[in-house]
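A.B. asks: next one to model:
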Amino acid sequence: MPASTPGAARSALVLRPRHGVAARDCAFAHVDGLVMLLRGPDQPAVAGDLEPIGPDGCDHSSRRERFRLTAQIDDRAPGAYAIRYGYAAANGAEIFTPADLAWAGPSLRRLAAGMECLATREGRTEDLAETALRLARVLRLDAIAVLDVPAPGDWLRPRHPVLAAGATASPAAILDGLRAVVARLHADCARRAGRAAA
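C.D. replies: This next block holds a predicted model:
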């Protein structure tokens, strides 16, 4: 599947790992993904090299502005799970309305068909890195960027480092980078829960 059309703004699936809640006997972490624009011709090195799409950014015509990916990680299993993707409701609402369905329905069907096509051709996967790469290909994005894990309670800043970035056409570094982030979050969750990683 080709990336975006020549001359169009280059876009990337940006994966934002973060620590979640921790209790006495468990700890969680999350990876959220959204589509952003690349500010320059090179792969991003810091979060400031990425630009929002939509109401606070540009490219308002793109349905990509409401695309979201989520996954969860904990101290009990080494891989990410509860991987979900789709489109956010309008204006950040928690309820997906009939108007949202009319807006996102055709895009959801195309997304599901594209992912099913790749699953048929390349096999099914439960791996977050492979799922993210496939989503980027189906959405015809130019790149994937994996941000570094912020310290608990810290917010992303323009100088926040990108751990791995690359074109969707040559994904080895991206896959390795995201898998390393998942492993790091898993180990962090185990440490925060006070036990050895599974």
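A.B. asks: not counting sequence-adjacent ones, nearest residue to the residue nearest to the spatial centre of the chain?
C.D. replies: Closest to where the C-alpha atoms of the chain average out (CA atoms, centre = their mean) is G33, at 2.4 Å. Sequence neighbours aside, L69 is the residue nearest to G33 in space, at 3.2 Å (criterion: CB to CB, 6 or more residues apart in numbering). Heads up, the C-betas are built off the backbone N, CA and C, glycines and all.
A.B. asks: name the SS class of that neighbour, please.
C.D. replies: Three-state call for L69 (DSSP: H, G, I helix; E, B strand; the rest coil): strand.
A.B. asks: against V35, how distant is it?
C.D. replies: Distance from L69 to V35, counting by CB to CB, to the nearest Å: 9 Å.
A.B. asks: do the same with P17
C.D. replies: Taking CB to CB, one finds P17 at 17 Å from V35.
A.B. asks: spell out, range by range, the strands that occur in the protein.
C.D. replies: 11-22, 27-38, 50-51, 67-74, 81-87, 143-147, 162-167 (DSSP state E).
A.B. asks: point out the most buried one among those.
C.D. replies: strand 143-147 (a mean of 26; mean count of other CB atoms under 10 Å).
A.B. asks: show me what that one is packed up against.
C.D. replies: Under the contact definition 3 or more CB pairs under 8 Å, 6 or more residues apart in numbering; DSSP states H and E, strand 143-147 sits against strand 11-22, helix 128-138, strand 162-167, helix 172-193.
A.B. asks: what mean pLDDT does it get?
C.D. replies: For strand 143-147, mean pLDDT is 92.
A.B. asks: direction included, what does that strand pair against?
C.D. replies: With DSSP bridges as the test, strand 143-147 is paired with strand 11-22 (parallel), strand 162-167 (antiparallel).
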